[in-house]
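Asks: Could you work out the structure for the sequence below:
(one chain, ligands or ions: 1)
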Amino acid sequence: MLKYVLKKFKAMSLFYVLNGIVQILAASLSVVYLQKLIDKLPQANRYNELITIIIVYGVLLLVDCLLSYLDEYPTRMLSNGIYHELKILALKKISKIDYVSYQGIGTGSLVQLIEAGSKAGKNILFDFYMNLFRNILPGIIISLILIGTYNLEIMAVIFIGYVVIFLISNILMKHLYKIKDKILTSEEWLSRHFIRGFMEVVVFRLNKRFYKEICKIEETSNSVVKSKTKIRMIHELFFTLFALIIIVIKLIILFIGVAQVIKGETSVGTLIALMAFVDRVYSPIAILNVIFIDYKLDKITFKRLENFMNLPDDVNLIEGNPVHIEKGNIEFKNVSFEYDHAPILKNLSFCIQGNSSTAFVGSSGAGKSTIIKIILGLLKPTHGEISVDDSNLSKVLLDDYYDDVAYVSQDAPIFDGTLRENIVFDEDVSDDHIYDILEQVQLKEFVMRLPDKLYTEVGEKGVKLSGGEKQRLAFARVFFQKSKIVILDEATSALDSINENLITNNMLKNCKDKTIIVIAHRLHTIKNVDNILVIDDGKLAESGSFETLLVKDGLFKKLWDFQVKNNELEPVNK
Ligand SMILES: Nc1ncnc2c1ncn2[C@@H]1O[C@H](COP(=O)(O)OP(=O)(O)OP(=O)(O)O)[C@@H](O)[C@H]1O
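Replies: Numbering: from 1, shown residues only. This next block holds a predicted model:
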């Protein structure tokens, strides 16, 4: 994934790395010219002899200064760009992820995982790798070479210092890993609980859950804060240790260097240059150790994002046979489906004729919505085959198929946007055409009364609308889509009986050239459908028209009698 991102920012990254290397070269050479200046000063007779050195020294400082300004551009472009690119990749993943895998991830955890993972990915690529190649390695190499040209003994001392630092870092790192893993798990837990607290206000308030939720969240967030502080303290310990090591090395250089200057073996300029190079050689090492630890910790965070990105895709969204549904026939041949080895559908076979209406009926949990999700291609059958027209659904390119399928789910899928967007997305359609559609779903008057009419924002999940308004809005989208197959999964459950009958009948009347599939609990709404399939425990119990099933005295009759007895509907013969 990071390779892909790097490729996308190839030119910018190259510029950033080269700019860093040139800056280090200019800054290091400026130290060398300063040393030359100091050493030549006592022997110089005329000012002119030093002027070239001063000019070169000045130019090097100027180059360093200008390049560090230029650095700002790739710095901002890359750090922000990489982070956003990773988030976009995560959204692209969601667009094609296998539906069962998607069902296994909670929104709260997913949001935290993508947010933290994208930041970690940015840190790995930008803060670690790019820093390593443009700053740290060139800094160490150039400084070591220059120190070596002055004094090999001192180079050896510096090398021993490196080894000591490396050993200390490794001991501390093992401790940090454990803390980081704990923090990540707790943060994902926190995000999940925060999001459910923010979203389920009514459920939690009425069940008086907020107090306990907040207590649990406080407890976990206290432990996260403590662990994060601990990690920072250990981090800072590195800097303190480096500072101590640098002091020791500088003292050693002074002891060796001063003796050599007295003996006339080394110049004062060289001693000053060496002292400057110790900082130049150790600062990158100090930074390297710290960013290496960050890199290792970020890898743990990024691994979680990678695991999510490696979840299986729905291959039918990426490849498959092109399809155009003309007849709208659907056939299930011995279809079985399991969730985690628990059988949900058992050897189910049925035929839905194109241009007809079919209803699935059955007790709660019988498997009706599962059938719908299989017809939609979201779930793949464990055994058996589904044909749509003459195509095997498992071989069809779903993106093509979805041009001909409209679906309204149980929980009316309204998204955060305007009423208009919720009906036609960003299609170029006249307002008048939208109002015609709204009339068919009994929503025109309501929209006309709103100050912003079609441009009214509906809020997250359509929070500013009633349940029935949301469902009617979702219906309007179906009317607009003009798909060959229309699937309504309890799409009228939030409507009053008058509106429910009006809209369903409107749909049945206006969509005679479509295949309509309905799931409805209130059985009076499906009186006019052509065929009813009664599902019981994942199997087809019986099928037929409304009247035939009532005569049969089977499961459908039982469900009907139960609803009549409980006053859920009017008896059919009244
Ligand atoms: N993601 C899932 N993981 C595991 N089991 C699931 C999952 N989704 C549904 N099930 C189970 O599959 C069975 C069938 O569910 P389905 O939603 O198809 O029933 P249904 O007939 O539509 O029910 P209802 O009328 O209550 O909506 C149920 O027992 C349900 O608990």
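Asks: who does the longest helix along the chain touch, helix- and strand-wise?
Replies: In the chain, with assignment by DSSP state H, the single longest helix is helix 210-263. Using 3 or more CB pairs under 8 Å, 6 or more residues apart in numbering; DSSP states H and E, the elements in contact with helix 210-263 are helix 152-199, helix 268-309. C-betas here are computed from N, CA, C, even on glycine.
Asks: possible to save those as CSV with mean pLDDT and distance to Asp537?
Replies: Below are the helices and strands packed on helix 210-263 laid out as CSV (pLDDT from 0 to 100; distance: least, CB to CB, whole Å):
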stretch, mean pLDDT, distance to Asp537
helix 152-199, 77, 32
helix 268-309, 81, 34
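Asks: who wins for proximity to Tyr99 among these?
Replies: helix 268-309 (14.8 Å; CB to CB).
Asks: Of all the residues in the following helix or strand past that closest one, which ones are buried?
Replies: With elements assigned by DSSP states H and E, the helix or strand that comes after helix 268-309 is helix 315-318. By neighbour count with 16 or more other CB atoms under 10 Å, helix 315-318 contains the buried residues 316-317.
Asks: for stretch 97-114, same thing?
Replies: Residues of stretch 97-114 classed as buried: 97-98, 100, 108-114 (neighbour count, 16+ other CB under 10 Å).
Asks: Equivalent analysis for stretch 477-491, please.
Replies: Neighbour-count burial for stretch 477-491 flags 477-481, 483-491 (criterion: 16+ other CB under 10 Å).
Asks: biggest separation within these, which pair?
Replies: Across the buried residues of stretch 477-491, the longest distance by CB to CB is 21.6 Å; it joins Lys484 and Glu490.
Asks: Any idea how far the longest helix of the chain is from the middle of the chain?
Replies: Here helix 210-263 is found 33 Å from its chain centre; the criterion is CA atoms, centre = their mean, to the nearest Å.
Asks: Quick one: mean pLDDT over that helix.
Replies: Averaged over helix 210-263, pLDDT sits at 84.
Asks: just stretch 440-448 next, same as before
Replies: 85.
Asks: Pull out the buried positions in that stretch.
Replies: 440-444, 446-447.
Asks: for these, which one is nearest Arg209?
Replies: When the buried residues of stretch 440-448 are compared for distance to Arg209 (CB to CB), Phe446 comes out closest, at 33.7 Å.
Asks: Look up how far Lys7 lies from that closest one.
Replies: For Phe446, the distance to Lys7 (CB to CB, to the nearest Å) stands at 50 Å.
Asks: next one: Phe308
Replies: As judged by CB to CB, Phe308 and Lys7 stand 21 Å apart.
Asks: Show me which of those two is the more surrounded one.
Replies: Shown here are Phe308 and Lys7; by other CB atoms under 10 Å, Phe308 has more neighbours (19 against 9).
Asks: ok, the more buried one to the ligand distance?
Replies: Relative to the ligand, Phe308 is positioned 18 Å away (CB to the nearest ligand atom, to the nearest Å).
Asks: again, but for Ile247
Replies: Computed with CB to the nearest ligand atom, the distance linking Ile247 and the ligand is 61 Å.
Asks: and what of Leu244?
Replies: Per CB to the nearest ligand atom, Leu244 is found 57 Å from the ligand.
Asks: Could you do Asp513 as well?
Replies: In this view, Asp513 and the ligand are 27 Å apart by CB to the nearest ligand atom.
Asks: Nearest spatial neighbour of that residue, chain-adjacent residues omitted?
Replies: Closest residue in space to Asp513, ignoring its immediate chain neighbours: Asn355 at 5.7 Å, by CB to CB, 6 or more residues apart in numbering.
Asks: Residue ranges in the protein under the pLDDT threshold?
Replies: Scanning the chain for pLDDT under 70 picks out 44-46, 202-203, 282, 412, 462, 493-495, 497, 567-574.
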